[in-house]
Structures are given as structure tokens and as C-alpha cells.
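Trainee: Starting from these lines, generate the structure:
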Amino acid sequence: MKSEAQKLGENLKRIRTEKGISQGDIVRELGMPRSFVSSIENGRTNPTLATIAKLAKAIGVSVGELMK
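Mentor: Here you go, the predicted model:
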């Protein structure tokens, strides 16, 4: 069974790539390290709700869509 962090990471990566958004685009918009974005996408870190909201806004989806 996948953890919530893994589901979030998979959704972030899938939506980001479908929209043609790079990790670098997110990094530049949010001012966070690329390694942090990578860790989220790989399910190795569990970001705060505030960070999840920022990520959702950066890729143009709702928090609910990102957390599906």
C-alpha cells in the first residue's frame, strides 16, 4: 500500500509532466531547492499543507486534485 507521501509525489510528477512544467519551473516560482521537489516527487518527504498548497498553485491545480 502506498503512503500518502508517495501518492502526492506521483500525482505531482504526473500533473507537472502532463502540463510541461519542469522541476526547475517550480523551484524558480517557489524558491525551494530542486532536491526538495525531487524528494516530494519520490515520496521521500512529507511536505506541510502550506507547501502542498504552494505546489498546487504553481502547477495550476487544486490541493484536492494534487492529493487524489
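Trainee: which SS class is residue 47?
Mentor: In three-state terms, and counting by DSSP: H, G, I helix; E, B strand; the rest coil, residue 47 is coil.
Trainee: Who's the closest spatial neighbour of it, skipping the chain neighbours?
Mentor: Closest residue in space to residue 47, ignoring its immediate chain neighbours: residue 40 at 5.6 Å, by CB to CB, 6 or more residues apart in numbering. To be clear about C-beta, it is placed using only N, CA and C from the backbone, and glycine gets the same treatment.
Trainee: neighbours around that neighbour, how many?
Mentor: By the criterion of other CB atoms under 10 Å, residue 40 has 23 neighbours.
Trainee: So it sits against residue 48, correct?
Mentor: No - under the criterion of CB atoms under 8 Å, residue 40 makes no contact with residue 48, lying 10.9 Å away.
Trainee: residues in contact with the residue nearest to residue 47?
Mentor: Residues in contact with residue 40 (CB atoms under 8 Å, 6 or more residues apart in numbering) are 5, 8, 9, 12, 47, 51, 55.
Trainee: residue contacts, the fifth one?
Mentor: The contact partners of residue 47, by CB under 8 Å, 6+ apart, come to 8, 40, 55.
Trainee: How about the last one?
Mentor: Neighbour list for residue 55: 12, 26, 30, 40, 47, 66 [criterion: CB under 8 Å, 6+ apart].
Trainee: among those residues, which are in helices?
Mentor: 12, 26, 30, 40, 66 (DSSP state H).
Trainee: Most neighbours of all those, which one?
Mentor: Highest neighbour count within the ones in helices among the contacts of residue 55, by other CB under 10 Å: residue 12, with 26 neighbours.
Trainee: Report pLDDT for that residue.
Mentor: Per-residue pLDDT puts residue 12 at 97.
Trainee: again, but for residue 5
Mentor: Model confidence at residue 5 (pLDDT) stands at 92.
Trainee: So what's the residue count around it?
Mentor: Neighbour tally, residue 5, other CB under 10 Å: 16.
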